[in-house]
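Asker: 3D, please:
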Amino acid sequence: ISVVTEAGVVVLNQRELKMIRMPKTVWAVASWLVFAGGAASELRAAPPQPESLRAYVEKSQRRQAYGVYLKNRKFGWAIDELKLGQHAGKDTAVVTFEMEGKFTAAGEMSRFKTKSVTYYELEGQGNIVFVEEHAEEDGSETRTTVERAGLELVIHTCSRSGESERRLPAPKETLALSREMERWLAQPPKKGAQFINFSAAWDRPEINIKETYTFQGRKPILWGGVRTDVYLVALKVDGMIMNFEVTADGTPLKGMLGGLFELRAEKESIAKTPGTEPIDMLEASSIRVNRNLGEPQHIDALTLQITGLGTFAIPQSHRQRVRTRNRRNVVLELTRDQHVEKPSPLPMEERNRCLSPTPALQCQDEKIRTQSRKIVGEEKDVLEKADRLQEWVYRNVRQTMAANQATALEVLDSRAGDCTEITLLFVALARAS
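Answerer: Numbering: from 1, shown residues only. Coordinates of the predicted model:
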């Protein structure tokens, strides 16, 4: 039984409600936090007319390091850099993001390392012309290159499960859009004002990721012993809400997600200094309840009183309903999943999308299709198929947070992983069935 909150997913686990987040997305969260602040590279009075992209990059050049923390305990570092450079003999803007870290989960060590380099042209809207990404997670390695070909981008991905290539229209992420966000912040906007931005995610079927920035005001802090005003901005992306502080000269000082994960601007030598001991991700992010809940399989319904949600609106469904809410807490009722009385068929377009292969869900691959046929046999009922697939994945995938994989094929080969790997494999097998 789980409930999605602003801080993560609360999962019922006998004595505790675990605030569990996919470790493999930590670096993505960090990059959003860094780029969110870095996009406002110098908050000053906006010029009457937008400056050229070259001038924008020249004044915005930076290299900033960050410590990555969970509840005040460091488990990694990140570096964000923007500078002028060249690609294919032409001047470009170059954005580099690096992150490394490690933690334990249930006694197993997990390590991650990533680097992305993105080149933007300095003409027109400042479109992306080339990207190189390299990610390593617990021995799993993925390399991605993105190159412009006319009005399209060619995305080439190489991982343990093989190589893939696809062509897509140019993304909405541009230098000009980042420049406009800087001008928006430089006004500054009124409290509650919003700005819509986009970033590109090359491993997703839909590469344009919408980002909603909300200006929340400013506050004075002591920075280096000096009283400094910082801008407060909230970023909502992929259902997550991140809050960060940016100084008047454009330096992101702090980024916070769900009261758990935090990025702090630090000198590079300090940022890269590891914590004293590895963090146990599950233990550090656990929230204990006031009673023994017993064995999860024997629980059909659960009532929770939750505090600390602020203005966050908990998603509701037929098995997750808010009973009461006031300024201090929310009373939430959870039940096991069940069949709804009146099913609503998916529109054909959405149905086709939900059954199609993606770079991570290779349901068209013969290995996936063969395994799916072995599991479901001659069964025709879709719910019975789903039950058989669910049971097979549960029985055959070793549960560990130290075996991160990028695709369903990799999971089928390794037969190990956490909630992400289990979901990748199950969905791919289900689509293949």
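
Asker: where does the protein dip in pLDDT?
Answerer: Applying pLDDT under 70 to the chain flags residues 1-49, 248-251, 287, 311.

Asker: quick one: furthest residue from the center of it?
Answerer: Seen from the C-alpha centroid of the chain, the residue lying at the greatest distance (C-alpha atoms, centre = their mean) is residue 378, 38.4 Å away.

Asker: tell me where the stretch 151-300 of the chain has helices.
Answerer: With helices called from DSSP state H, counting those that start in this stretch, the stretch 151-300 of the chain shows them at 175-186, 268-271, 281-284.

Asker: please save the CA atoms from the second one in CSV.
Answerer: Extracted C-alpha coordinates of helix 268-271, given in CSV (Å, rounded to 0.1, in the frame of the first residue of the first chain):
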residue,chain,number,x,y,z
GLU,A,268,35.0,22.4,-5.5
SER,A,269,37.6,20.9,-3.1
ILE,A,270,35.0,20.8,-0.3
ALA,A,271,32.2,19.5,-2.5
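
Asker: so which elements touch it?
Answerer: Of the remaining helices and strands, those touching helix 268-271 by 3 or more C-beta pairs under 8 Å, 6 or more residues apart in numbering; DSSP states H and E are strand 62-70, strand 73-87. Any C-beta I mention is one placed from the backbone N, CA and C, and that applies to glycine too.

Asker: of these, which is nearest residue 268?
Answerer: Residue 268 sits nearest to strand 62-70 of all the helices and strands packed on helix 268-271, at 3.9 Å, using C-beta to C-beta.

Asker: in the closest one, what's buried?
Answerer: Residues of strand 62-70 classed as buried: 62, 64-70 (neighbour count, 16 or more other C-beta atoms under 10 Å).

Asker: which one of those residues is nearest residue 184?
Answerer: residue 62 (19.1 Å).

Asker: stretch 416-430: how far from the chain's middle?
Answerer: Offset of stretch 416-430 from its chain centre (C-alpha atoms, centre = their mean, to the nearest Å): 17 Å.

Asker: give me the contacts around that stretch.
Answerer: Stretch 416-430 has contacts (C-beta atoms under 8 Å, 6 or more residues apart in numbering) with 20, 22-24, 105, 360-363, 368, 371-372, 375, 385-386, 389-390, 392-394, 397-401, 403-405, 407-409, 411-412, 414.

Asker: restricted to helices, list the residues you listed.
Answerer: Counted as lying in helices by DSSP state H, out of these, are 368, 371-372, 375, 385-386, 389-390, 392-394, 408-409, 411-412, 414.

Asker: among those residues, which ones are buried?
Answerer: So, by 16+ other C-beta under 10 Å, the buried ones in these are 368, 371-372, 375, 385-386, 389, 392-393, 408-409, 411-412, 414.

Asker: among these, which two are most distant?
Answerer: Of all pairs drawn from these, the one with the longest distance (C-beta to C-beta) is 385 and 414, at 23.8 Å.

Asker: dump the helices of the stretch 151-300 of the chain to a markdown table, plus mean neighbour count.
Answerer: Formatted as a markdown table, the helices of the stretch 151-300 of the chain follow (neighbours: other C-beta atoms under 10 Å):
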| stretch | mean neighbour count |
| --- | --- |
| helix 175-186 | 20 |
| helix 268-271 | 13 |
| helix 281-284 | 17 |
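
Asker: out of the ones you listed, which gets nearest to residue 256?
Answerer: helix 281-284 (15.3 Å).

Asker: that older thread, okay, the helices and strands packed on helix 268-271 in a markdown table with distance to residue 146 next?
Answerer: Formatted as a markdown table, the helices and strands packed on helix 268-271 follow (distance: least, C-beta to C-beta, whole Å):
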| stretch | distance to residue 146 |
| --- | --- |
| strand 62-70 | 23 |
| strand 73-87 | 12 |
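
Asker: mind checking those strands for the one nearest to residue 170?
Answerer: Among the helices and strands packed on helix 268-271, if distance is taken as C-beta to C-beta, the winner is strand 73-87, at 15.5 Å.

Asker: just the CA trace of that closest one, in CSV.
Answerer: What follows is strand 73-87 as a C-alpha-only set of coordinates in CSV (Å, rounded to 0.1, in the frame of the first residue of the first chain):
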residue,chain,number,x,y,z
ARG,A,73,24.7,13.8,5.4
LYS,A,74,26.8,14.1,2.2
PHE,A,75,26.7,11.2,-0.3
GLY,A,76,27.9,12.9,-3.5
TRP,A,77,28.9,16.0,-5.4
ALA,A,78,27.9,17.8,-8.6
ILE,A,79,29.5,20.4,-10.8
ASP,A,80,27.7,22.7,-13.2
GLU,A,81,29.6,24.6,-15.9
LEU,A,82,28.7,27.0,-18.7
LYS,A,83,31.2,28.4,-21.1
LEU,A,84,31.8,29.4,-24.7
GLY,A,85,33.2,26.6,-26.8
GLN,A,86,33.1,25.1,-30.3
HIS,A,87,31.5,22.2,-32.1
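
Asker: if we can go back for a sec, to residue 124, which of the helices and strands packed on helix 268-271 lies closest?
Answerer: strand 73-87 (15.2 Å).

Asker: partners of that closest one in the sheet?
Answerer: When pairing is defined by DSSP bridges, strand 73-87 lines up against strand 62-70 (antiparallel), strand 90-105 (antiparallel).

Asker: Throw those into TSV and include distance to residue 328, thanks.
Answerer: Output for the strands paired with strand 73-87, formatted as TSV (distance: least, C-beta to C-beta, whole Å):
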stretch	distance to residue 328
strand 62-70	26
strand 90-105	32
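
Asker: report the buried residues of stretch 111-127.
Answerer: 111-122, 126-127.

Asker: nope, stretch 146-155 is what I was after
Answerer: So stretch 146-155, judged by 16+ other C-beta under 10 Å, has buried residues 146-148, 153, 155.

Asker: do stretch 70-78 as well
Answerer: For stretch 70-78, by 16+ other C-beta under 10 Å, it's 70, 74-78.

Asker: adding distance to residue 189, write those residues out as TSV.
Answerer: Below are those laid out as TSV (distance: C-beta to C-beta, whole Å):
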residue	distance to residue 189
70	31
74	33
75	34
76	32
77	32
78	27
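
Asker: nearest to residue 340, of the residues you listed?
Answerer: The nearest one, if we look at those relative to residue 340 and count by C-beta to C-beta, is residue 70, at 37.8 Å.

Asker: list the contacts of that closest one.
Answerer: 103, 260-262, 279, 281, 284-285.

Asker: for stretch 174-191, C-alpha coordinates in PDB please.
Answerer: Provided in PDB are the C-alpha atoms of stretch 174-191 (Å, rounded to 0.1, in the frame of the first residue of the first chain):
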ATOM      1  CA  THR A 174      16.800  26.400 -26.100                       C
ATOM      2  CA  LEU A 175      19.300  29.100 -24.900                       C
ATOM      3  CA  ALA A 176      16.700  31.800 -25.700                       C
ATOM      4  CA  LEU A 177      14.200  30.200 -23.300                       C
ATOM      5  CA  SER A 178      16.800  30.200 -20.500                       C
ATOM      6  CA  ARG A 179      17.600  33.900 -21.300                       C
ATOM      7  CA  GLU A 180      13.900  34.700 -21.100                       C
ATOM      8  CA  MET A 181      13.700  33.000 -17.700                       C
ATOM      9  CA  GLU A 182      16.600  35.200 -16.500                       C
ATOM     10  CA  ARG A 183      14.700  38.300 -17.700                       C
ATOM     11  CA  TRP A 184      11.600  37.100 -15.900                       C
ATOM     12  CA  LEU A 185      13.500  36.700 -12.600                       C
ATOM     13  CA  ALA A 186      15.300  40.000 -13.100                       C
ATOM     14  CA  GLN A 187      12.100  42.000 -13.000                       C
ATOM     15  CA  PRO A 188      11.600  40.500 -10.300                       C
ATOM     16  CA  PRO A 189       8.100  39.000 -10.800                       C
ATOM     17  CA  LYS A 190       5.300  39.200  -8.300                       C
ATOM     18  CA  LYS A 191       4.900  36.500  -5.700                       C
END
